[in-house]
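Colleague: Predicted model, plus sequence, below.
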Amino acid sequence: MTEIFGALRRAVAPGRRNGRTAVPPVAARRQHNLFEAAAVFVAASAEDDEERMDEASGWVSPEQLSFGVGELACRAVIALARERGESPQRVARELLGLSDG
């Protein structure tokens, strides 16, 4: 899970990656909403697909992407907690490898 946030930080960092700009020109972009961008970004991160992560990170602003990833994380933890019959806090801590402390 922490790898996703590291990937998010790298994706929204200014500058160039792999010889191209991090954000494609506005005219070349199709309109995407922040939740679509977050879903694609997180799925690509889970699959270690940097090209797709770069693409999704260019669809919305860094702030929007961060919000979308956070919202996706909340929804995923809630869904998993319901499925397991556990509290969201317990599930979140377990996913991050933290003790129940």
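Modeller: Perfect, I can see it now. Numbering: from 1, shown residues only.
Colleague: Does residue 86 lie in a helix or a strand, and which?
Modeller: Per DSSP states H and E: residue 86 is located in neither a helix nor a strand.
Colleague: Please apply the same query to residue 38.
Modeller: Under the criterion DSSP H and E, the helix or strand holding residue 38 is helix 34-46.
Colleague: Let me know the next secondary structure element after that helix.
Modeller: Later in the chain than helix 34-46, the nearest helix or strand by DSSP H and E is helix 50-57.
Colleague: who does that following helix touch, helix- and strand-wise?
Modeller: Identification of packing neighbours for helix 50-57 by 3 or more Cβ pairs under 8 Å, 6 or more residues apart in numbering; DSSP states H and E yields helix 2-12, helix 34-46. (Glycine included, C-beta is placed from N, CA and C.)
Colleague: Buried residues in that helix, which are they?
Modeller: Residues of helix 50-57 classed as buried by neighbour count (16 or more other Cβ atoms under 10 Å): 53, 54, 55, 56, 57.
Colleague: any idea which of the helices and strands packed on helix 50-57 scores lowest on pLDDT?
Modeller: Note on the helices and strands packed on helix 50-57: lowest mean pLDDT is at helix 2-12, with a mean of 61.
Colleague: what residues are up against residue 35?
Modeller: Contact analysis of residue 35 by Cβ atoms under 8 Å, 6 or more residues apart in numbering lists 68, 71, 72.
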